[in-house]
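>>> this one's sequence-less:
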């Protein structure tokens, strides 16, 4: 289960990459069917922007890009949005109506 972290346009603080890997590992623990997680952190001027892309069989959840002054805050927000998408699709699968094949 690969976890990829990409930091664009700047050499970020040393703890940012480890924090992104830790946050991605938490997602993988909560959802065991996840195949890969890609965290993209971008720096534009003084604002950080993060995107979390989670791939699961027949599903791709994307934590949308967020802007903030803190890299950890944007990573948390993007991961939370991806987690929300995963929970939503999981609940739809569980609550889905099934066709009744027993006919009288």
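Done, it's in. Everything numeric here is computed off the predicted structure, so don't read it as measured data.
>>> can you map out the helices along this protein?
Ranges of helices within the chain are 14-30, 71-95, based on DSSP state H.
>>> Which of those helices has the lowest mean pLDDT?
Among the helices of the chain, helix 71-95 carries the lowest mean pLDDT, at a mean of 84.
>>> And that one, what does it pack against?
helix 14-30, strand 34-44, strand 47-56, strand 59-68 (3 or more C-beta pairs under 8 Å, 6 or more residues apart in numbering; DSSP states H and E). Where C-beta positions appear, they are placed from N, C-alpha and C, glycine not excepted.
>>> Adding distance to residue 48, write the helices of the chain out as a markdown table.
Putting these into a markdown table (distance: least, C-beta to C-beta, whole Å) gives the following:
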| stretch | distance to residue 48 |
| --- | --- |
| helix 14-30 | 9 |
| helix 71-95 | 4 |
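>>> Export those helices to CSV and append columns for distance to residue 5 and mean neighbour count.
Formatted as CSV, the helices of the chain follow (distance: least, C-beta to C-beta, whole Å; neighbours: other C-beta atoms under 10 Å):
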stretch, distance to residue 5, mean neighbour count
helix 14-30, 5, 16
helix 71-95, 9, 16
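>>> circling back: kindly reformat the helices and strands packed on helix 71-95 as JSON lines and extend each row with distance to residue 75.
Shown next, in JSON lines, are those (distance: least, C-beta to C-beta, whole Å):
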{"stretch": "helix 14-30", "distance to residue 75": "5"}
{"stretch": "strand 34-44", "distance to residue 75": "7"}
{"stretch": "strand 47-56", "distance to residue 75": "5"}
{"stretch": "strand 59-68", "distance to residue 75": "9"}
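>>> Okay, and the beta partners of residue 66?
residue 50 (DSSP bridges).
>>> for it, what are its contacts?
For residue 66, the contact set (C-beta atoms under 8 Å, 6 or more residues apart in numbering) comprises 49-50, 73-74, 77-78, 81.
>>> repeat for residue 47
67-69.
>>> Give me the pLDDT for it.
87.
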